[in-house]
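Trainee: prediction below, plus the sequence it came from.
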Amino acid sequence: MGRLVVCDHPLIQHKVTFLRDKNTDTKQFRELVDELATLLAYEVTRDLPLETVRVETPVAEAEGRVVRRMLGLVPILRAGLGMVDGMLKLIPSAKVGHIGLYRDPKTLQPVEYYFSLPADVTERELIVLDPMLATGGSANKAIASLKERGCRPTKLACLIAAPEGVQAVRDAHPDIDIYVAALDSRLNDHGYIVPGLGDAGDRLYGTQ
C-alpha cells in the first residue's frame, strides 16, 4: 500500500497559512506555491537510492554518495505548472512532461486533451504534480494514462488534500505514495476542499 505523507515542517505550515488567505494576491500566491513545491521536494526525494563513489578533495580521497535515479515531473495542467519550477530547484536534472485534463460537463469525469512526455520517460521514476487533491478524479486519470503508456508513476505531490481524494487514489492506485502539505477535513457539496484555498489555478493565474 502506498504511503500518505503529510509534510508538516514548520515552514510548510507557515506558508500554507498565507496560501489559504483570500487576501494573498496573485504574485504572492504564485511565490508561495513555488516555495512550497521546493520544500515538498525534500520529502518526495527522501527515499531515493544512493550509490557510493570515490572523489578527490583538495586534501585527500573521500567516499561520497550520489543519486543516480532518473526522475521526471508530470504536472496536471494547468495548476500543476505552478509547482514545476520549485521542484526543479532541487532536482534540476528531472525532465518534465505534461498532462492536460478537463471535466466533462455532462459526466463530470476528467477527459484528457493533452499528453506530452520526454522521449526517455519509461526510464524515469515519475512524480505527478497537482496542487489540489479534491475528489481524486484528475489524479487518478493522470496516473492511469501514464501507466497505460508503460510509464512508472510512483508518487503524487499535492499542496492541499481532502480525505475523499486520498482514499480515491489509494483505491485506484494502491502503489502510489501521496505527499501533501496539508490534509483538510472534507469536500463540500460543490467538490471544493474545506477549508482549502479556493481554485488553485485561478489564484495562480489571476483568472476566475
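Mentor: Perfect, thanks for sending it.

Trainee: after the particular helix or strand that has Lys27 in it comes which helix or strand?
Mentor: For Lys27, the enclosing helix or strand under DSSP states H and E is helix 26-44. Per DSSP H and E, helix 26-44 leads on to strand 50-56 as the next helix or strand towards the C-terminus.

Trainee: run the chain-centre distance for that next one.
Mentor: Taking Cα atoms, centre = their mean, to the nearest Å, the mean C-alpha location of strand 50-56 is offset from the chain mean by 30 Å.

Trainee: packing partners of it?
Mentor: For strand 50-56, the elements it packs on are strand 61-67, judged by 3 or more Cβ pairs under 8 Å, 6 or more residues apart in numbering; DSSP states H and E. Backbone N, C-alpha and C define where each C-beta goes, glycine included.

Trainee: which residues sit against the strand it packs on?
Mentor: Residues from elsewhere that reach strand 61-67, judged by Cβ atoms under 8 Å, 6 or more residues apart in numbering: 45, 48-56.

Trainee: cutoff 10 Å now
Mentor: 45, 48-57, 91, 93 (Cβ atoms under 10 Å, 6 or more residues apart in numbering).

Trainee: for PyMOL, write the selection for the buried entries among the residues you listed.
Mentor: This is the PyMOL syntax for the buried subset of the contacts of strand 61-67, where burial follows 16 or more other Cβ atoms under 10 Å:
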select buried, resi 45+91
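
Trainee: could you look up the SS state of Arg203?
Mentor: Per DSSP: H, G, I helix; E, B strand; the rest coil, the secondary structure class of Arg203 is helix.

Trainee: would you confirm that it contacts Glu31?
Mentor: No: if you go by Cβ atoms under 10 Å, Arg203 and Glu31 don't touch, sitting 11.9 Å apart.

Trainee: now list whatever residues contact both of those two.
Mentor: Both Arg203 and Glu31 are in contact with 19, 24, 82, where contact means Cβ under 10 Å, 6+ apart.

Trainee: list the contacts of the last one.
Mentor: Residues in contact with Gly82 (Cβ under 10 Å, 6+ apart) are 29-34, 36-37, 75, 129-131, 159, 200-201, 203-205.

Trainee: cutoff 7 Å now
Mentor: 30, 33-34, 131, 204 (Cβ atoms under 7 Å, 6 or more residues apart in numbering).

Trainee: in CSV: those, plus distance to Gly191 and pLDDT.
Mentor: Shown next, in CSV, are the contacts of Gly82 (distance: Cβ to Cβ, whole Å; pLDDT from 0 to 100):
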residue, distance to Gly191, pLDDT
Arg30, 24, 96
Val33, 21, 97
Asp34, 26, 97
Pro131, 15, 96
Leu204, 19, 95
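
Trainee: so Glu112 makes contact with Ile143?
Mentor: No: look at Glu112 against Ile143 with Cβ atoms under 7 Å: they stay out of range, at 12.0 Å.
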